[in-house]
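[1] fold the following, please.
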Amino acid sequence: MLAAAFVLSALPADAQEISRKVPNVGLLDLDGNPATLPYWGEKNLMIFYVDPDRHKQNEAFTIELEENHRAAGDNLYGFGVMNLKDAPMVPNGMARSMAKKRTSKNGAVVLADEDRILSTAWGLGDCNNQFVLLLVSKNGELVFVRKGELSEKDKEAFYEVLDKYR
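    Reported below is the predicted structural model:
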């Protein structure tokens, strides 16, 4: 797994469309109860894995996704996962409470990862201070990864891959 993490983190951004199996993982819902990734094996998943310290890193992109409905599709489900381990100055309960308040308004699903469970299990490497955009097929294959501020080239690559899974 460490080798996979090293290889993934060493690749240039445009070379990160690799396809490899990843497992469903146990996280927490916003009430602190055990939860797994929703619709695992039923739908393709678009996941925003976000360090709360950088939750606005790609805000314009996420707003664009909401407004243009380009990520909408019967075979696609999108949600967020907070990477709480990489935000030590934000107490986990406070982060979950803030997310709960926000999701009550927009209906979004957000889970909490208090121990880098997702990033470790999927070999994502260092996700500290980064917004990580992920696509996982309903077959459990990680088919797209981008970390940090998304460039126009990153967005184009995302939409190209996304169109195959909507």
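
[2] how about residue 64, secondary structure?
    Following DSSP: H, G, I helix; E, B strand; the rest coil, we place residue 64 in the helix state.

[3] how about it: what's its closest non-neighbour residue?
    Spatial nearest neighbour of residue 64, excluding adjacent residues (Cβ to Cβ, 6 or more residues apart in numbering): residue 70 at 8.0 Å. The way it works is simple: take the backbone N, C-alpha and C, and place the C-beta from them, glycine included.

[4] what sits up against stretch 67-79?
    Residues outside stretch 67-79 that contact it (Cβ atoms under 8 Å, 6 or more residues apart in numbering) are 37-39, 43-48, 64-65, 108-111, 138, 159, 162, 165-166.

[5] from the residues you listed, list the buried ones, please.
    The neighbour count (16 or more other Cβ atoms under 10 Å) marks 37, 43-48, 65, 109-111, 138, 162, 165 as buried among the contacts of stretch 67-79.

[6] so of these, which ones are in strands?
    44-48, 110-111 (DSSP state E).

[7] widest-spaced pair of the residues you listed?
    44 and 110 (18.6 Å; Cβ to Cβ).
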